[in-house]
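Asks: Fold the following and give me the result.
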Amino acid sequence: MVHSQFARQTRAYSMSISGITNQKWDDSVAHMSVRRYRLSRLLCSRSHVAAVAKDHQSHGLTLIWSSLNFEHKVSLIQGEYITACCFDSSDTKYLSCSASRVNIWDIPSGHLILESNSPNDSIVLGVTFSEDKTKILAACENKTIQMLALDAPQPEWQLLSSLQESDAASLGNANSPCAMVFNPSGTRIAVAYRGFPLSVWSVEDRRMIGRNSRHVEGRGLNGLIWPGVDTVSWNTRFGMILGKYSDGCVFKWDPYEQTNEELRTSARIVQCSPDGLSFATCDNSGMIRLYNFQKFTMIYQLRCDESPRALAFSPDSRRFYEIRDAVCTAWEPAALTDLQETGD
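Replies: Numbering: from 1, shown residues only. Next up is the predicted model:
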């Protein structure tokens, strides 16, 4: 169409397109860059992509872009290093936690709706809204879950549950958790330690559902050891946990049936897709791999110039994002669409 309209007028010249920085086609659909900040954490909602960042003085903020046209929407200044954050289910509120305060922001206006002190004497490692969006659940480093009722005249933190490992004397002392991750409904929480077994708890019943063990020939009692885990991600489709042991081995674990399967690959980051059909890993060399969750087989891979700091899937699981220093990149490989449509 362009040629037919303008070819006569430019007969003596060849047509070209300027402004292309990448001469090779790939699966990336957008690059969102920032100059003054270093990106560290990544999360997605239906309409937005959020990257937690810090400046040269470690002051925390969140940069939010549209997931439709990748336009920068708003920057939310926390002022302190952000330890946990989330969107609500309606995609209109964003919650960020730091050492001294918890903020709720309206999206996309960036208006501060509520500012509260953080739960006393502990760092928030995981946070979520309740299903009815009237409460905040905060998982804290002191192994408690605190609740903040948003509809109260003067919201104050209340202890909801204690996750103390009281029956684990034979396993040694549980150190502080390195990750505390709620499932999407906020009814379950996975608690990971670098030097103690991963456990899953029921938030509603305040009881432990299961503790992860690992079968290694020639080690431990009957080949069972209780390894540390440093990364966890929920697969709600199958009710399982995707995680990474401290030695870099990826695993999926059913806390109800106590079944465990390992993937012998080196990984630094693991992240499960929202639809539960796939997951992503990244190693120290910058290699990103996508896997079929059920079959534990690789379906896609790409190499980055630098090792990404974080990965996140879009809610429809057909796109994933990764951040490297000051750049967030969106990728749409056909392998994710094919997996949803064919199962392979």
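Asks: Next, count neighbours for the spatially closest residue to residue 150 that is not a sequence neighbour.
Replies: Excluding its sequence neighbours, the residue lying closest to residue 150 (CB to CB, 6 or more residues apart in numbering) is residue 134, at 5.5 Å. Any C-beta I mention is one placed from the backbone N, CA and C, and that applies to glycine too. Neighbourhood size, residue 134 [other CB atoms under 10 Å]: 12.
Asks: for residue 343, same thing?
Replies: Residue 343, neighbours per other CB under 10 Å, totals 10.
Asks: what stretches of the protein score poorly on pLDDT?
Replies: Within the chain, the ranges that satisfy pLDDT under 70 run 1-25, 166-172, 216-224, 344.
Asks: make it 80
Replies: 1-25, 56-58, 121, 165-174, 215-226, 343-344 (pLDDT under 80).
Asks: How about residues contacting the longest helix belonging to it?
Replies: Secondary structure of the chain read by DSSP state H shows that its longest helix is helix 334-342. Under the contact criterion CB atoms under 8 Å, 6 or more residues apart in numbering, helix 334-342 has outside partners 27, 273, 275, 277-278, 290, 292, 299-300, 317-320, 344.
Asks: What's the ChimeraX syntax to select whichever of the residues you listed are buried?
Replies: The command below creates a ChimeraX selection of those among the contacts of helix 334-342 that count as buried (16 or more other CB atoms under 10 Å):
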select :27,273,275,277,278,290,292,299,300,317,318,319,320
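Asks: Now render the contacts of helix 334-342 as CSV, adding distance to residue 241.
Replies: What follows is the contacts of helix 334-342, written out as CSV (distance: CB to CB, whole Å):
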residue, distance to residue 241
27, 28
273, 14
275, 16
277, 16
278, 16
290, 19
292, 17
299, 21
300, 23
317, 18
318, 23
319, 23
320, 20
344, 24
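Asks: picking that back up, what comes up buried for the longest helix of the chain?
Replies: For helix 334-342, by 16+ other CB under 10 Å, it's 335, 336, 339.
Asks: for stretch 229-238, same thing?
Replies: Buried residues in stretch 229-238 (16+ other CB under 10 Å): 229, 230, 231, 232, 233, 234, 235.
Asks: I'd like the residues you listed laid out as TSV, including secondary structure and distance to residue 155.
Replies: Listed next are the buried residues of stretch 229-238 as TSV, based on DSSP: H, G, I helix; E, B strand; the rest coil; distance: CB to CB, whole Å:
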residue	secondary structure	distance to residue 155
229	strand	33
230	strand	33
231	strand	32
232	strand	29
233	strand	30
234	strand	27
235	strand	33
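Asks: quick one: which of the residues you listed is nearest residue 179?
Replies: The closest of the buried residues of stretch 229-238 to residue 179 turns out to be residue 232 (CB to CB; 5.6 Å).
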